[in-house]
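Q: please work out how this folds:
(chains A and B)
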Amino acid sequence: MSEAGNSDLFSKFDELIAMREVLLAGGREDPFSLVMEKVLSPTQAICNGRDTILLGTYNYMGMTFDDDVIAAGKQAYDEFGAGTTGSRVLNGTFFHHRDVEEALKEFYAMDHAMVFSTGYQANLGIISTIAGKGDYIVLDIDSHASIWDGCAMGKAEVVPFKHNDIEAMDKRLGRIPEGAGKLVVLEGVYSMLGDIAPLAEMVAVAKKHGAMVLVDEAHSMGFIGEHGRGVCEAAGVIDDVDFIIGTFSKSVGTVGGFCVSNHPKFEVMRLVCRPYVFTAALPPAVMASSAKSIRKLMHNGNKRAHLWENSRTLHAGLRGLGFELGTGEPQSAIIAVVMPDLERGAAMWEALLKEGLYVNLARPPATPANMTLLRCSLCAEHTSEQVQTILGMFERAGKAMGII
Amino acid sequence: MDRADVDTRIRSLIEPFNKKGVAITDATTFANDLEFDSLTVMDFVAEIEDAFDVIISMNQQAEIENYGQLVDAVHKLQAD
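A: Residues are numbered from 1 along each chain as shown, chains lettered A, B, ... in the order given. This is a model prediction of the structure:
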């Protein structure tokens, strides 16, 4: 610091910079700057020069390389150009933006659908716009960053409760002053451990207290619930959910976020929701690919069954090898392998990468209970043989690192 | 319940969270003196909310840095 009192605003990051340096000392590969030099299929890529099986991409249904999805995008590129150069409310709504919203209304059988440029913006925009100063948001403590940021932006009173704790949620809702607006925010699948929420009970409790309910179903679209509408459909409470938030960057295989709702006044959101208004609309090719993908996801029984089979095989196999897992049984397409600490987690991550396997390394503060996790997300396009190969890689790396 | 009663009650609630047995005064801070991380804060706040049947929202928590401020806030909340 100089005598004039100039300070470096970056000094607040010194601890993180030091932690990274320790992690990378000794020539370890950086878990947070992996480059995919070539992507061969939804399940294979060349990463840092190696042929790699992808087990950490959330590409649940493998739609990124679907022929029809790619063809729809190419056609839109040719006919509508590379980008929109504008907001949805000005010059940025093309035929395909409307079409993808129609596809979402068909998929969810709901009256309204609104597409955002990312899933992050969908949570940020909807939550911050509907719950403002003086309103109360009651939410699970393990909620995604986009939900927390939406809460902070809207200036509502934020009241978290212990993860998946129905009684704690009930008590907090009961203490909200009479007459205040109430929003309950839940997720269908929590992406860190891959566990699901007890939505039948939680949505009933929320309704008992007269709260509106928003459920983020980002990690369930396409393969949970009879029509793939998510955990709230599987739990039989989708009609009591006021807003479903979702994303195109997982099962749909593109990029973008959305909210669907039956609220009669929902369309006003297009005028008042700042993360929707003050950003450019997605390129027409992305919208055309997304619309095609969503409609194909409505008819995918075999792929769905194979995805669940993969999830069960990997879960049972890893458990059999002696790994500690985030859930007692497979509840979604995410299997989280619990590491003893960050250092050994990073070493295991690197050993797997050298075996030719990419998984997500998740560390505090993004993780619950300060855990270090190797998060595996399965794809319907993983073959049964690939899942066995993956188990062999985990066995070798786990033994070499002394984790099993 | 007057402020002294609230203080007594919170003092007993904080005990299991005060792992290092720090001597608690009104000036004792949660982040620095007691070294509470975010998970401990959540559990501790839940205990207080249940004991006094109040809500301490995250917005209010952001304003509470030391023990004395917490006692004041809970005293005010349960009186309302």
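
Q: only alpha carbons, please: show the helix-or-strand element of chain B with minimal mean pLDDT as CSV.
A: Lowest by mean pLDDT, DSSP states H and E among the helices and strands of chain B is helix B:38-52, with a mean of 93. The C-alpha coordinates for helix B:38-52 follow below in CSV (Å, rounded to 0.1, in the frame of the first residue of the first chain):
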residue,chain,number,x,y,z
SER,B,38,-21.0,-20.8,7.0
LEU,B,39,-22.2,-24.3,8.0
THR,B,40,-21.8,-23.6,11.7
VAL,B,41,-23.6,-20.3,11.3
MET,B,42,-26.5,-22.1,9.6
ASP,B,43,-26.8,-24.6,12.4
PHE,B,44,-26.4,-22.0,15.2
VAL,B,45,-29.0,-19.7,13.6
ALA,B,46,-31.4,-22.6,13.3
GLU,B,47,-31.0,-23.4,17.0
ILE,B,48,-31.8,-19.8,18.0
GLU,B,49,-34.7,-19.5,15.5
ASP,B,50,-36.3,-22.6,17.0
ALA,B,51,-35.6,-21.6,20.6
PHE,B,52,-37.2,-18.1,20.3
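
Q: in the helix or strand following that helix, what counts as buried?
A: With elements assigned by DSSP states H and E, the helix or strand that comes after helix B:38-52 is helix B:58-61. The neighbour-count check on helix B:58-61 (16 or more other Cβ atoms under 10 Å in any protein chain shown) flags B:Met58, B:Gln60, B:Gln61 as buried. Every C-beta, even on glycine, is put in place using the N, C-alpha and C of the backbone.

Q: so which strand or helix has the residue most central in space within chain B?
A: Nearest to the mean C-alpha position of chain B, by Cα atoms, centre = their mean, lies B:Leu70 at 4.7 Å. Here B:Leu70 sits within helix B:67-79, counting by DSSP H and E.

Q: neighbours around the one residue in the stretch 251-400 of chain A that gets nearest to chain B, how many?
A: Nearest residue of the stretch 251-400 of chain A to chain B: A:Ala369, at 6.5 Å (Cβ to the nearest Cβ). A count of neighbours around A:Ala369, defined by other Cβ atoms under 10 Å in any protein chain shown, yields 11.

Q: now swap in A:Pro364 and tell me
A: Neighbour tally, A:Pro364, other Cβ under 10 Å: 15.

Q: wait, it touches A:Met371, no?
A: Yes. Between A:Pro364 and A:Met371 there is a contact under Cβ atoms under 8 Å: 7.4 Å.

Q: on that earlier part again, adding pLDDT and distance to chain A, write the buried residues of helix B:58-61 out as a markdown table.
A: Shown next, in a markdown table, are the buried residues of helix B:58-61 (pLDDT from 0 to 100; distance: Cβ to the nearest Cβ, whole Å):
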| residue | pLDDT | distance to chain A |
| --- | --- | --- |
| B:Met58 | 95 | 4 |
| B:Gln60 | 95 | 8 |
| B:Gln61 | 96 | 9 |
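
Q: in TSV, list those residues along with distance to A:Ser220.
A: Compiled in TSV, these are given as follows (distance: Cβ to Cβ, whole Å):
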residue	distance to A:Ser220
B:Met58	27
B:Gln60	34
B:Gln61	31
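
Q: what is the nearest of those residues to B:Phe36?
A: Distance ranking of those against B:Phe36, using Cβ to Cβ, places B:Gln61 first at 10.9 Å.

Q: residues touching the closest one, list them.
A: Applying Cβ atoms under 8 Å, 6 or more residues apart in numbering or on different chains to B:Gln61 gives the contacts B:Val41, B:Val45.

Q: rerun at 7 Å
A: B:Val45 (Cβ atoms under 7 Å, 6 or more residues apart in numbering or on different chains).

Q: that one and B:Phe44, how far apart?
A: Distance, B:Gln61 to B:Phe44, by Cβ to Cβ, to the nearest Å: 10 Å.

Q: and the helix-or-strand element of chain A with minimal mean pLDDT, how far from the chain's centre?
A: None of the helices or strands of chain A scores lower by mean pLDDT, DSSP H and E than helix A:14-24, at a mean of 87. Its chain's C-alpha centre and that of helix A:14-24 lie 27 Å apart, by Cα atoms, centre = their mean, to the nearest Å.

Q: who touches the following helix or strand past it?
A: Using DSSP H and E, the helix or strand that follows helix A:14-24 in sequence is strand A:36-41. For strand A:36-41, the surrounding residues in contact (Cβ under 7 Å, 6+ apart) are A:Ala45, A:Ile46, A:Cys47, A:Phe65, A:Glu381.

Q: which strands or helices does the helix or strand following strand A:36-41 pack on?
A: As assigned by DSSP H and E, the chain's next helix or strand after strand A:36-41 is strand A:44-47. Contacts defined by 3 or more Cβ pairs under 7 Å, 6 or more residues apart in numbering or on different chains; DSSP states H and E place strand A:44-47 against strand A:36-41, strand A:50-54.

Q: mind listing what's buried in strand A:44-47?
A: Those would be A:Gln44, A:Ala45, A:Cys47, for strand A:44-47 by 16+ other Cβ under 10 Å.

Q: can you list the residues of chain A near chain B?
A: Contact residues, chain A versus chain B (Cβ under 7 Å from any Cβ of the partner chain): A:Ile141, A:Glu157, A:Val158, A:Val159, A:Pro160, A:Lys162, A:Ala168, A:Lys171, A:Arg172, A:Arg175, A:Ile176, A:Ala369.

Q: what about burial for those, which qualify?
A: The buried subset of the residues of chain A next to chain B (16+ other Cβ under 10 Å) comprises A:Ile141, A:Glu157, A:Val158, A:Val159, A:Pro160, A:Lys162, A:Ala168, A:Lys171, A:Arg172, A:Arg175, A:Ile176.

Q: bridging residues for the residue lying closest to the first one once chain neighbours are set aside?
A: Looking back up the chat, that one is A:Ile141. Distances taken as Cβ to Cβ, 6 or more residues apart in numbering or on different chains place A:Pro160 nearest to A:Ile141, at 4.4 Å, with adjacent residues excluded. A:Pro160 has these beta-bridge partners by DSSP bridges: A:Leu139.
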